[in-house]
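Asks: Below is the sequence, then the predicted model.
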Amino acid sequence: MIRRLLQAAALVAATSTLVACTVPNKGGASFEEVSRAAYRHNGPPKLTLFTMLSNRTGSGAHTSLMVNGSQRVAFDPAGSFRHEDIVSRNDTVYGMTPYMVDRYTRFHARETFHVVIQEIVVSPQVAEQALQMILSHDAVMQSQCALSTATLLSQLPGFEDVKRSYYPTKLMETFAAKGASFRRLYEYDEDDKSNALRDFVPEYLQEQ
C-alpha cells in the first residue's frame with residue numbers, strides 16, 4: 001500500500017512540473033502546406049535537444065527535439081509554439097529556418113525559464129530515420145514531452161541506451177553524457193509567451 005502511494009506521488013510530481021507540455025496539437029496544416037514549408041538547412045545532419053528549465057528551481061518544464069535531415073523540423077510534443085503563420089501538423093513544426101529557430105528558443109526563454117540547447121552531429125542515416133519518425137508521429141498527450149522524445153531517441157542507432165522518463169532533466173543529462181554541445185539562453189521578458197508570438201514576423205520565414 002505504501003509503495004503504491006509513493007509511486008502515485010512520484011507520478012503526480014513528475015506531471016505537475018511539466019506545465020509547458022499541456023497543449024493538444026492533433027491535426028493542423030494540410031500536407032500541401034507542409035510540403036510548401038519544407039526547409040533544408042545546409043549544415044551537418046544533427047539532433048538538437050531543447051530543454052526548458054525553471055529559473056527558480058532548475059526543474060524541467062518542456063523537452064523538444066530538432067532534426068536536420070533532408071529537411072529541418074522540430075518535434076515539439078504538446079508544445080505551445082503555434083501561430084497562424086507557423087506551419088505545424090500534430091507536434092511537428094516545419095520550416096525551421098534560422099529565423100524560426102531563433103523565434104522558437106526566444107519564445108521559451110523568459111523571466112521564469114531558460115533554455116538549454118544541446119547538439120549532436122549524427123550520420124545522415126540516423127538523422128533521416130529520426131526525421132521520418134517525427135513526421136509520422138501522432139500528437140502527444142499532455143505532460144509526455146520528455147517521455148515521447150526519449151522513446152523516439154531510444155529507437156535510433158547509437159541512442160538505444162536512452163532511458164524513457166517523464167523528466168526533461170534526465171534526458172538532458174543523457175545527451176550531455178553522449179558529448180553533446182551545451183549552451184544556455186537566458187532572457188528576462190515578462191512571463192507571457194504570447195508576447196513572443198506577437199513579435200513573430202511571417203515575412204522572415206524564408207530567411208536562410
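Replies: Structure received. Quantities reported herein were computed from a predicted structural model and do not represent experimental measurements.

Asks: Now for the residue nearest the centre of the chain: which residues touch it?
Replies: When the chain is reduced to its mean C-alpha position, the nearest residue by C-alpha atoms, centre = their mean turns out to be residue 64, at 1.3 Å. Contacts were defined as C-beta atoms under 8 Å, 6 or more residues apart in numbering; by that measure residue 64 touches 49, 50, 74, 75, 76, 77, 79, 145, 149. For the C-beta atoms, the positions are set from N, CA and C on the backbone; glycine is no exception.

Asks: Could you give the number of residues near residue 153?
Replies: Counted by other C-beta atoms under 10 Å, the residues lying close to residue 153 total 24.

Asks: wait, doesn't it sit right on residue 65?
Replies: Yes - the pair formed by residue 153 and residue 65 meets the contact definition of C-beta atoms under 8 Å, at 7.4 Å.

Asks: intersection of neighbour lists for these two?
Replies: Shared between the contact lists of residue 153 and residue 65 (criterion: C-beta under 8 Å, 6+ apart) are residues 47, 130.

Asks: Doesn't residue 62 belong to a strand?
Replies: Yes - secondary structure assignment (DSSP: H, G, I helix; E, B strand; the rest coil) places residue 62 inside a strand.

Asks: which residues does it bridge with?
Replies: Listed beta-bridge partners, residue 62: residue 52 (assigned using DSSP bridges).

Asks: got a list of what it touches?
Replies: By C-beta under 8 Å, 6+ apart, the neighbours of residue 62 are 18, 20, 21, 50, 51, 52, 79, 108, 145, 168.

Asks: Take those and keep only those in helices.
Replies: Within the contacts of residue 62, membership in helices is found for 108, 145, 168, as judged by DSSP state H.

Asks: Number of residues surrounding the last one?
Replies: The number of residues packed around residue 168, counting by other C-beta under 10 Å, is 29.

Asks: For burial, what's the neighbour tally of the closest residue to it other than its chain neighbours?
Replies: Spatially, and ignoring its direct neighbours in sequence, residue 168 is nearest to residue 60 (2.8 Å; C-beta to C-beta, 6 or more residues apart in numbering). Under the neighbour criterion other C-beta under 10 Å, residue 60 is assigned a count of 27.

Asks: Any stretches of this protein with poor pLDDT?
Replies: In the predicted model, the chain carries pLDDT under 70 at residues 1-20, 24, 190-196, 198, 200-208.
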